[in-house]
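A.B. asks: below are the sequence and a predicted model; questions follow.
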4 protein chains.
Amino acid sequence: MADIRALVLNCTLKRSPAPSSSEVLGQEVLDALGEQGVTGEQIRVVDHDVRFGVSTDEGDGDAWPQIHAKLMAAQILVIATPIWLGQPSSVCKMVLERLDAQLSETDDQGRLLTYGKVAAVAVVGNEDGAHHTIGQVQQALNEVGFTCPASGATYWVGEALQKTDYIDARPKPDTTGRTTQALALNSAHLARLLTEQPYPPPDTRDAATGQRSG
Amino acid sequence: MADIRALVLNCTLKRSPAPSSSEVLGQEVLDALGEQGVTGEQIRVVDHDVRFGVSTDEGDGDAWPQIHAKLMAAQILVIATPIWLGQPSSVCKMVLERLDAQLSETDDQGRLLTYGKVAAVAVVGNEDGAHHTIGQVQQALNEVGFTCPASGATYWVGEALQKTDYIDARPKPDTTGRTTQALALNSAHLARLLTEQPYPPPDTRDAATGQRSG
Amino acid sequence: MADIRALVLNCTLKRSPAPSSSEVLGQEVLDALGEQGVTGEQIRVVDHDVRFGVSTDEGDGDAWPQIHAKLMAAQILVIATPIWLGQPSSVCKMVLERLDAQLSETDDQGRLLTYGKVAAVAVVGNEDGAHHTIGQVQQALNEVGFTCPASGATYWVGEALQKTDYIDARPKPDTTGRTTQALALNSAHLARLLTEQPYPPPDTRDAATGQRSG
Amino acid sequence: MADIRALVLNCTLKRSPAPSSSEVLGQEVLDALGEQGVTGEQIRVVDHDVRFGVSTDEGDGDAWPQIHAKLMAAQILVIATPIWLGQPSSVCKMVLERLDAQLSETDDQGRLLTYGKVAAVAVVGNEDGAHHTIGQVQQALNEVGFTCPASGATYWVGEALQKTDYIDARPKPDTTGRTTQALALNSAHLARLLTEQPYPPPDTRDAATGQRSG
């Protein structure tokens, strides 16, 4: 059975050692993946000097290339993000923009290097915004080549206009916890399938001759 | 002081007499507007034979023209919608599509007939999705000519993955209720301003001669 | 190799025989899937008496149950939708709401009946709105159990504020056409994998005893 | 007639002196506002050391307080942002998060300090994403107290999957240019109205006594 690794990118706005609800949910995802035989680690992006941009290396000490290398070595990417104003965090958007560069990174058969990697999403907020945040992240990651497993997201938010943090609200075994279990089960299964039986390359023979197959 | 009318369009999926949480919040908005001297009424769209389309009259018994006439007679439009899958209801989207026709309805000075009308949004759901639903409705209504007052939305949703309805959860005087009060206060003020001092017409003289004014 | 079927739901607002750009792109997706050995058909939803609601059968002549039966017999669902006001059509939203019922339809091992089905998206508009429309549809379908393949969407829109339809703009072999090919290749591959090696059931033994595994 | 100032925040990812299409459209908005008697300036946010966070001053050399002071002195805020992956830029999201702090800044009568300020949006991209980006920005700014004028956004994007920049595509007098004119005309009018006749304060007397007014 294929050996699967996961990378959780925590997109909180706050540097360590400030407590982070996203980190708590990110760790719960890692733990649930661990029960499926998946190893991995979590990185708090804002602790590193990641630059704004849309290339894989913005130069001048940019910390993204090291994170990118870990991503390339993993089969599952988990984006853990807080919600601000009902939307994903700016740090999350910065990460997605850096992944835009994947659209020009292909193997020798013309497939994106992200093909075969599975993306999951973990979202926390005081109140409201989880579905939209999940949709934003999934759309962006799908566009740059990731596959989204069934029930590929987990989240917690409080009642409208409240201020409780997930870090204080957990555990939620019957709702968020169960959703996290499903995410882990499906992500691990799908990552194994796609590692063992990759997406086929596009039919470049036809593209080269200018003729359509079929 | 200008006489101001409001029209609340309730975009629930359920026909009368089924209870509707959107209708409850829509009525609370009407009551709060009443305290500001605004008269009005609420229509449950799905009780009427409104057709899919993007014109003002789709013909063949289409019920939209009667609702459209009431909208034209009002200075404040309130869209009250439930959340499904974190998004506005299909009935809400149907209403917004019918309003797309406003982009070709102008007065004799080239202004959209919706210019000067104020749009507010009231959203309810079991859990999550309010900010996104508000954003969807505001973007669409702004594009077709409505003005959005400060704090122009009110909402209620429960904690993540819960099933309580607003109809059972209310009243919420300290959160949703206070937000509804702000919506009403600001909508009424802005509608009066724009009724008494309308947006100026575009400088059609210059457009006609092909010269830009200084 | 597993026999795979696709169902394309065309969510145009216009009844047959009005021409539909969504139908054109939907057919191109079906053709591309055909090259991958996938059979299927396209249904124009608005030609059928589908009702607003969130159950699988709203009764009283509701046409959704027949479409639902075809969906259950397919391994790939393609949502083809036009863009209105930068958003998915109301007919598309109506379809997504009907699929909300899938959240309570499970097999005897507790898996959603949609698990293992692959969802793809095809979007057309005069101008702008494709990414957002794709994101809305993917988020909703993923939540109700569908898996999104890498590069699982294809689209065409014109330049900002223009009025050309896809039906007049095609063919676009180097952009939309190539994207459609990738969608078909990846969707067919993923549907075969998940048909032959389904997602595992949740560990209900532990749930039953109230003890956590691991 | 009230003296009106505008502040354009350019949310490109690229530092000066790199060319910026957002800056081009931002300047066109400023020029159009100038024709309405509005003075103002444009700031490229990424040229300044603005920090991630949700307070008005994140300390330690944070450059936001200076930008915030200029915003407080303006009556019109224009967010100019590029589109990445169909969404607003991370720099744009960082700015919106900093504005989240406005929710706790009120005058002595309980009104947000942003009340009375008008928000407009200018968006550019190679292809697709303008409506969604506009909606994201408007929803966030409306929530923190800004008012959105009728037709309060202008944008340009190219045809699907193309790579032309606005900086090379302009001028577009009949589409984006006309939209920019409408934005400026309406923003200036609304800012004057709200400066001369501010939103009324909430009825704190009733709140204090716990009694509702009639």
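C.D. replies: Nice, thanks for sending it over. Residues are numbered from 1 along each chain as shown, chains lettered A, B, ... in the order given.
A.B. asks: C-alpha coordinates for the host helix or strand of A:Q27, PDB please?
C.D. replies: Following DSSP states H and E, the helix or strand that holds A:Q27 is helix A:21-34. This file holds the C-alpha atoms of helix A:21-34, laid out as PDB (Å, rounded to 0.1, in the frame of the first residue of the first chain):
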ATOM      1  CA  SER A  21      -7.800  27.800  16.500                       C
ATOM      2  CA  SER A  22      -6.900  26.900  12.900                       C
ATOM      3  CA  GLU A  23      -3.900  25.100  14.300                       C
ATOM      4  CA  VAL A  24      -6.100  23.100  16.700                       C
ATOM      5  CA  LEU A  25      -8.400  22.000  13.900                       C
ATOM      6  CA  GLY A  26      -5.300  21.400  11.600                       C
ATOM      7  CA  GLN A  27      -3.800  19.100  14.300                       C
ATOM      8  CA  GLU A  28      -7.100  17.200  14.600                       C
ATOM      9  CA  VAL A  29      -7.000  16.600  10.800                       C
ATOM     10  CA  LEU A  30      -3.400  15.300  11.100                       C
ATOM     11  CA  ASP A  31      -4.500  13.000  14.000                       C
ATOM     12  CA  ALA A  32      -7.400  11.700  12.000                       C
ATOM     13  CA  LEU A  33      -5.100  11.100   9.000                       C
ATOM     14  CA  GLY A  34      -2.700   9.400  11.300                       C
END
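A.B. asks: low-confidence ranges in chain A?
C.D. replies: Applying pLDDT under 70 to chain A flags residues A:1, A:170-171, A:173, A:204-214.
A.B. asks: return the distance of the longest helix along chain A from the chain's centre.
C.D. replies: Secondary structure of chain A per DSSP state H: the longest helix is helix A:176-196. Relative to its parent chain, helix A:176-196 has a centroid offset of 13 Å by Cα atoms, centre = their mean, to the nearest Å.
A.B. asks: is that helix in proximity to chain C?
C.D. replies: Yes. Helix A:176-196 lies within reach of chain C by Cβ under 8 Å from any Cβ of the partner chain, at A:Q181, A:A182, A:L185, A:N186, A:H189, A:L190, A:L193, A:L194. (Glycine included, C-beta is placed from N, CA and C.)
A.B. asks: and the strands in chain A?
C.D. replies: With strands called from DSSP state E, chain A shows them at A:5-10, A:39-44, A:76-84, A:87-88, A:118-127, A:153-158.
A.B. asks: neighbouring strands of the first one in the sheet, and parallel or not?
C.D. replies: Neighbouring strands of strand A:5-10 in its sheet, by DSSP bridges, are strand A:39-44 (parallel), strand A:76-84 (parallel).
A.B. asks: just the CA atoms of the longest helix of chain A, as CSV, please.
C.D. replies: Extracted in CSV, the C-alpha atoms of helix A:176-196 (Å, rounded to 0.1, in the frame of the first residue of the first chain):
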residue,chain,number,x,y,z
THR,A,176,-17.0,18.8,13.4
GLY,A,177,-15.2,15.7,14.8
ARG,A,178,-17.2,13.3,12.7
THR,A,179,-16.7,15.5,9.6
THR,A,180,-13.0,15.5,10.3
GLN,A,181,-13.0,11.7,10.4
ALA,A,182,-14.8,11.5,7.0
LEU,A,183,-12.3,14.0,5.5
ALA,A,184,-9.4,11.9,6.7
LEU,A,185,-10.9,8.5,5.6
ASN,A,186,-11.7,9.8,2.1
SER,A,187,-8.5,11.8,1.6
ALA,A,188,-6.3,8.9,2.5
HIS,A,189,-8.2,6.5,0.2
LEU,A,190,-8.2,8.8,-2.7
ALA,A,191,-4.5,9.8,-2.3
ARG,A,192,-3.6,6.1,-2.4
LEU,A,193,-5.6,5.4,-5.5
LEU,A,194,-4.1,8.3,-7.4
THR,A,195,-0.6,7.5,-6.3
GLU,A,196,-0.9,3.9,-7.5
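A.B. asks: buried ones in that helix?
C.D. replies: Residues A:176-177, A:179-195 are the ones in helix A:176-196 that count as buried (16 or more other Cβ atoms under 10 Å in any protein chain shown).
A.B. asks: one more: stretch A:194-204?
C.D. replies: Across stretch A:194-204, burial judged by 16+ other Cβ under 10 Å covers A:L194, A:T195, A:Y199, A:P202.
A.B. asks: chain center to it, what's the gap?
C.D. replies: Stretch A:194-204 sits 21 Å away from the centroid of its parent chain (Cα atoms, centre = their mean).
A.B. asks: please work out which residues outside that stretch touch it.
C.D. replies: For stretch A:194-204, contacts defined as Cβ atoms under 8 Å, 6 or more residues apart in numbering or on different chains pick out A:2, A:4, A:75, A:109-111, A:115-118, A:147, A:213, C:149-150, C:181-182, C:185-186, C:189-190, C:193.
A.B. asks: can you pull the residues of chain A lying near chain D?
C.D. replies: The interface of chain A toward chain D, taken as Cβ under 8 Å from any Cβ, is made up of A:13, A:46, A:52-54, A:84-91, A:93-94, A:96-97, A:100, A:136, A:139-140, A:143-144.
A.B. asks: let's see it at 10 Å
C.D. replies: By the rule Cβ under 10 Å from any Cβ of the partner chain, the part of chain A lying against chain D is A:11-15, A:45-46, A:51-54, A:58, A:82, A:84-100, A:103, A:132, A:136-137, A:139-141, A:143-144.
A.B. asks: selecting buried members of these in PyMOL, what would you type?
C.D. replies: What follows is the PyMOL syntax for the buried subset of the residues of chain A next to chain D, where burial is set by 16+ other Cβ under 10 Å:
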select buried, chain A and resi 11+12+13+14+45+46+51+52+53+54+58+82+84+85+86+87+88+89+90+91+92+93+94+95+96+97+98+99+100+132+136+137+139+140+141+143+144
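A.B. asks: can you tell me which of the strands paired with strand A:5-10 is most buried?
C.D. replies: When you average the neighbours per residue for each of the strands paired with strand A:5-10 (mean count of other Cβ atoms under 10 Å in any protein chain shown), strand A:76-84 leads with a mean of 28.
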